[in-house]
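Structure for this input, please:
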Amino acid sequence: MNPAIKLVAVPEKPEAVEVRCAVRFPLSLPVRVITAKGEYDATTENISASGLLFRSKEDLGIDSSVEFLLKMPASIIGADHDVTLRCFGRVVRSYEGPQEFHAAAVIDDYLFSQ
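Coordinates of the predicted model:
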């Protein structure tokens, strides 16, 4: 064997590396979630330009198409008035917490309204 080649043991389950494409902001805001199964109240845990993590009493399930209605307070976004954000996306991760379900959703498109 070539002495310049070193064999390295590979763990059976290598640690997953999480890659994020946008900064997440820890914001707890009420959000209205609309799916094919109905409309639900939820609360955000964090928000980024590309998605959000929220808590809900409902398990939406991975790959569910979702629409969000989210009111961004003027004080948070530096505007003169609150802005309603209407987002369209899909659930990419979902898990059950001690009291509620958590879902991470990507934002595929959005509209602003007042």
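
for the protein, what are the low-confidence residue spans?
Along the chain, segments meeting pLDDT under 70 span 1-21, 114.

Contacts for stretch 27-40 next, please.
Counting by C-beta atoms under 8 Å, 6 or more residues apart in numbering, stretch 27-40 makes contact with 41-47, 52, 54, 56-58, 60, 64-73, 76, all of which sit outside it. Bear in mind the C-beta positions are built from the backbone N, C-alpha and C, glycine included.

Show me how far that stretch is from its chain's centre.
When distances are taken as C-alpha atoms, centre = their mean, to the nearest Å, stretch 27-40 is centred 12 Å away from the chain's centroid.

Quick one: end-to-end length of that stretch, please.
Taking C-alpha to C-alpha, to the nearest Å, the first and last residues of stretch 27-40 lie 19 Å apart.

buried residues in it?
With burial defined by 16 or more other C-beta atoms under 10 Å, the residues of stretch 27-40 counted as buried are 29, 31, 33, 40.

just to revisit the earlier point, now, the contacts of stretch 27-40 that are in helices?
For the contacts of stretch 27-40, the ones inside helices are residue 76, with DSSP state H as the criterion.

Are any of the contacts of stretch 27-40 buried, and if so which?
Applying a neighbour-count criterion of 16+ other C-beta under 10 Å, the buried members of the contacts of stretch 27-40 are 42, 44-45, 47, 52, 54, 56, 58, 60, 64, 66, 68, 70, 72.

Export these as TSV, with columns for distance to residue 98.
Putting the buried ones among the contacts of stretch 27-40 into TSV (distance: C-beta to C-beta, whole Å) gives the following:
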residue	distance to residue 98
42	16
44	18
45	14
47	22
52	20
54	16
56	14
58	16
60	18
64	22
66	23
68	24
70	25
72	28
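
In strands only, show me these.
Residues from those lying in strands, with DSSP state E as the criterion: 42, 44, 45, 47, 52, 54, 56, 66, 68, 70, 72.

Appreciated, that's everything.
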